[in-house]
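Peer 1: Pasting the sequence and the predicted model now:
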Amino acid sequence: MKVIGVAGMPGSGKGVVSRIAEKMGYHIIRMGDIIREEAAKRGEDPGKVAVKLRKEQGEYIIAEKCIPKIKNKKKILIEGIRSPYEVEVFKKHYKGFKIISIFSTRKTRFKRLQKRGRKDDTKDYKKFIERDQRELGFGLGDVIATSDYIIINEGSLQKFKENTKRILKKVTRNS
């Protein structure tokens, strides 16, 4: 079994990586989906629920909720790792677990989020910065800084896709 994680700030390109990995036979687990599901149950904002869940049930909770979804799959990509605690859970459960981080500048990411238009995206720059701060508060910066691979996503989409495929093939080969 090969399990890899993808980390990156909002709008960095994690979804593109997931779509490429899916075409390569990976089963995708989106940690953000776990947050959004819980937010829907509670009738609350996903950002607030992300913080509340961790306060109520511990820093490991989102990763722990992913574990049952991983069974019986050969290749898994976990999208949206946010904290070193989550990395710790996955490393404990899956030998050879690797992290791929995606990096884009704040300016680039804000433009992408404005175009993407997902419900939890904002066109307000101040709210965008607040979201960044919340994500960094979970320890996302530490995850990115200690990742096994980093892909810069500042150029063309084609170049990013090529780099992503190359890294995914490398990680898959080294399993």
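Peer 2: All right, it came through fine. Source: prediction; values computed, not measured. Numbering: from 1, shown residues only.
Peer 1: Whichever helix or strand Glu86 is part of packs against which elements?
Peer 2: Here Glu86, judged by DSSP states H and E, is contained in helix 84-93. Counting by 3 or more CB pairs under 8 Å, 6 or more residues apart in numbering; DSSP states H and E, the packing neighbours recorded for helix 84-93 are strand 2-8, helix 61-70, helix 140-145. Bear in mind the C-beta positions are built from the backbone N, C-alpha and C, glycine included.
Peer 1: List the pairing partners of the helix or strand just after the second one within its sheet, with orientation.
Peer 2: Per DSSP H and E, helix 61-70 leads on to strand 75-79 as the next helix or strand towards the C-terminus. Each strand paired with strand 75-79, and its direction, by DSSP bridges: strand 2-8 (parallel), strand 27-30 (parallel).
Peer 1: Centre of the chain to the first one, how far?
Peer 2: On the basis of CA atoms, centre = their mean, to the nearest Å, strand 2-8 sits 7 Å off its chain's mean C-alpha point.
Peer 1: Can you report how many residues neighbour Glu38?
Peer 2: By other CB atoms under 10 Å, 18 other residues sit near Glu38.
Peer 1: Quick check: it touching Val51?
Peer 2: No. Counting by CB atoms under 8 Å, Glu38 does not reach Val51; the two are 11.6 Å apart.
Peer 1: shared neighbours of those two, which are they?
Peer 2: With contacts defined as CB atoms under 8 Å, 6 or more residues apart in numbering, no residue is shared by Glu38 and Val51.
Peer 1: returning to what we had before: Throw the strands paired with strand 75-79 into a markdown table and include mean pLDDT, distance to Glu44 and mean neighbour count, thanks.
Peer 2: Putting the strands paired with strand 75-79 into a markdown table (pLDDT from 0 to 100; distance: least, CB to CB, whole Å; neighbours: other CB atoms under 10 Å) gives the following:
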| stretch | mean pLDDT | distance to Glu44 | mean neighbour count |
| --- | --- | --- | --- |
| strand 2-8 | 96 | 24 | 26 |
| strand 27-30 | 95 | 19 | 18 |
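Peer 1: Quick check: buried residues in the helix holding Glu86?
Peer 2: Neighbour counts over helix 84-93 (16 or more other CB atoms under 10 Å) mark Pro84, Tyr85, Glu86, Val87, Val89, Phe90 as buried.
Peer 1: give me the low-pLDDT residue ranges for this structure?
Peer 2: Regions of the chain meeting the criterion pLDDT under 70 cover residues 117, 119-121, 175.
Peer 1: Would you indicate which residues of the helix ranked longest in it are buried?
Peer 2: Longest helix in the chain by number of residues, with DSSP state H as the criterion: helix 157-173. Applying a neighbour-count criterion of 16+ other CB under 10 Å, one finds Phe160, Lys161, Asn163, Thr164, Ile167, Leu168, Val171 buried in helix 157-173.
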